[in-house]
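Visitor: what follows is a protein structure lacking sequence information:
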Ligand code: PHE
């Protein structure tokens, strides 16, 4: 269980609850959901198996793992690229995680009648409050990674996941009874495939990699700590299901909640009349980075002060914890690299990267537009590029048959399984071709 819990802890985070619902709302609902699910199962799951197998076979960090399996000089660079992506993702991730932490106190202040404090704490905007909470969040992450307390992560993940699911189910039950929710549910669940275009597929693929923690070596690193008694394929399947399941629930909560909020006068989408160059009828979110932070507090408000307090504080505590188990995995990647390859102590390595990342996060705190820029470069593009290279490495360098032989440890019947039939062609052809097509066509579209 330990590996599945830690890896699920890495996967489940802001990607599921903050980013995914915004993407769905922005990209027209169910069509995005369908493409996202397709990307998770067809590309994400096979890549996850590859990452874990590479990690477990070598017991090394992403750079060391590629070095250990082949003398090819290109692939350690893929590991380094992953580390860079991890550092940059963590820099903006911690800003958003800091918002969530601020909302824990903000919701408490609001329901206990300290309106002045609540107004300061519940702000999703640039400034000192954002910077302070981002730095706090990074300090906590750095402390945990530097002391190497892995059992803590598993215990957190174990209690967190059921609580998070339980709480979201209750909130969904509450929200669907309210006026306006039907519109949100319809948008989320009724596919309109005329909405599918290249940019939607590009976002869905990037979101799948981000949400599953793939493409930058997080699961190579976690895989390197995995025991040979465990079944790699089954573990990857559990992590994928948990992650996709929680993202799906987050959509089921936030899409209706958005329309409920809209009914009570909160503007969610820009319209043509705002003069922001928005085409009539186009769905452009007013504040993509803040969707969960505007829509859910509104929902807690409508629950009344007693229940609102419990749900408001509880939800943001859980979201912050989910974010923490993700930031830990993001920082663990550069840290394990510095320990193995640069001979640093764990404390020094974690502290060094922690400081660099905090510094970048402070800049982002005052310039929030960097969140979108970094997310596009290092996540939506960076992670699928990493994933593409991992597939190529698996199929043409290390070879899937060697990986399958390695995965026999913990999964004795693997050679004759259905998985052993489908996975090699997925690694060799389907996944790389899909990723490459999406990236190239998106690039072409940019220049048209
Ligand atoms: N998967 C995490 C989330 O959804 C983010 C993450 C990305 C973590 C990449 C590790 C590596 O919140």
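Guide: Now that the structure is in, tell me what you want to look at. Because the structure is predicted, anything quoted here is derived from the model rather than measured.
Visitor: got the residues of the stretch 151-300 of the chain near the ligand?
Guide: Contact residues, the stretch 151-300 of the chain versus the ligand (CB under 6 Å from any ligand atom): 210-211, 213, 216, 218. C-beta: built from backbone N, CA, C; applies to glycine.
Visitor: let's go with 5 Å and repeat that
Guide: 211, 213, 218 (CB under 5 Å from any ligand atom).
Visitor: tell me the phi and psi of the last one?
Guide: Reported as degrees, to the nearest 10, the phi and psi values for residue 218 are phi -60, psi -40.
Visitor: just the residues of the stretch 151-300 of the chain next to the ligand now: which is nearest residue 297?
Guide: residue 211 (23.5 Å; CB to CB).
Visitor: burial of the spatially closest residue to the closest one that is not a sequence neighbour, as a residue count?
Guide: In space, residue 211 comes closest to residue 15 once its chain neighbours are excluded; the distance is 3.9 Å by CB to CB, 6 or more residues apart in numbering. As a burial measure, residue 15 scores 27 neighbours (other CB atoms under 10 Å).
Visitor: now swap in residue 433 and tell me
Guide: 12.
Visitor: point me to the residue of this structure nearest the ligand.
Guide: residue 15 (2.1 Å; CB to the nearest ligand atom).
Visitor: check contacts around that residue.
Guide: 207, 210-211, 247, 326 (CB atoms under 8 Å, 6 or more residues apart in numbering).
Visitor: pick the one among the residues you listed closest to residue 381.
Guide: Among the contacts of residue 15, and counting by CB to CB, the member closest to residue 381 is residue 210, at 11.0 Å.
Visitor: and the next element down the chain from the helix or strand hosting that closest one?
Guide: According to DSSP states H and E, residue 210 maps onto helix 198-211. Using DSSP H and E, the helix or strand that directly follows helix 198-211 along the chain is helix 218-224.
Visitor: for residue 133, which non-adjacent residue is spatially closest?
Guide: residue 98 (3.2 Å).
Visitor: that neighbour and residue 127 touch, don't they?
Guide: No: shown here, residue 98 and residue 127 do not form a contact pair, counting by CB atoms under 8 Å, at 11.5 Å.
Visitor: shared neighbours of the two, anything?
Guide: residue 365.
Visitor: and the two? which has more neighbours close in?
Guide: Higher neighbour count among residue 98 and residue 127: residue 98, with 24 against 12, using other CB under 10 Å.
Visitor: so which helix or strand takes in that one?
Guide: Residue 98 is part of helix 74-111 when elements are defined by DSSP H and E.
Visitor: mind listing the helices for the stretch 151-300 of the chain?
Guide: Assignment of helices within the stretch 151-300 of the chain using DSSP state H, counting those that start in this stretch yields the ranges 181-189, 198-211, 218-224, 232-263, 291-302.
Visitor: quick one: which of the ones you listed is nearest residue 312?
Guide: Among these, helix 291-302 comes nearest to residue 312, with 3.8 Å by CB to CB.
Visitor: what number of residues lie near residue 415?
Guide: Residue 415 has 13 neighbouring residues, counting by other CB under 10 Å.
Visitor: hmm, back to that, okay, the helices of the stretch 151-300 of the chain, which one's buried deepest?
Guide: Mean neighbours per residue, mean count of other CB atoms under 10 Å, is largest over the helices of the stretch 151-300 of the chain for helix 218-224, with a mean of 28.
Visitor: who are the packing partners of it?
Guide: Packed against helix 218-224, as judged by 3 or more CB pairs under 8 Å, 6 or more residues apart in numbering; DSSP states H and E, are the following elements: helix 2-11, helix 45-58, helix 62-69, helix 74-111, helix 305-342.
Visitor: ok, residues contacting that helix?
Guide: Here helix 218-224 makes contact (CB under 8 Å, 6+ apart) with 3, 6-7, 10, 48, 51-56, 58-62, 65, 79, 82, 86, 213, 232, 329-330, 332-333, 336.
Visitor: which ones are touching residue 366?
Guide: 126-127, 130-131.
Visitor: residue 342 too?
Guide: Residue 342 neighbours (CB under 8 Å, 6+ apart): residue 349.
Visitor: for residue 329, see how far away it is.
Guide: The spacing between residue 342 and residue 329, counted by CB to CB, to the nearest Å, is 20 Å.
Visitor: report pLDDT for the nearest residue to residue 434 once chain neighbours are set aside.
Guide: Spatially, and ignoring its direct neighbours in sequence, residue 434 is nearest to residue 43 (6.0 Å; CB to CB, 6+ apart). Confidence at residue 43, expressed as pLDDT, is 98.
Visitor: can you check residue 275 too?
Guide: pLDDT, residue 275: 58.
Visitor: what of the one 5 residues further on?
Guide: On the pLDDT scale, residue 280 is placed at 62.
Visitor: circling back: buried subset of the contacts of residue 366 as a PyMOL selection?
Guide: Here is the PyMOL command that selects the buried residues among the contacts of residue 366 (16 or more other CB atoms under 10 Å):
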select buried, resi 130+131
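Visitor: in strands, which of the contacts of residue 366 fall?
Guide: Nothing among these maps onto strands, per DSSP state E.
Visitor: make TSV out of the contacts of residue 366 and add distance to residue 266 and pLDDT.
Guide: Below are the contacts of residue 366 laid out as TSV (distance: CB to CB, whole Å; pLDDT from 0 to 100):
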residue	distance to residue 266	pLDDT
126	21	95
127	22	96
130	21	97
131	27	98
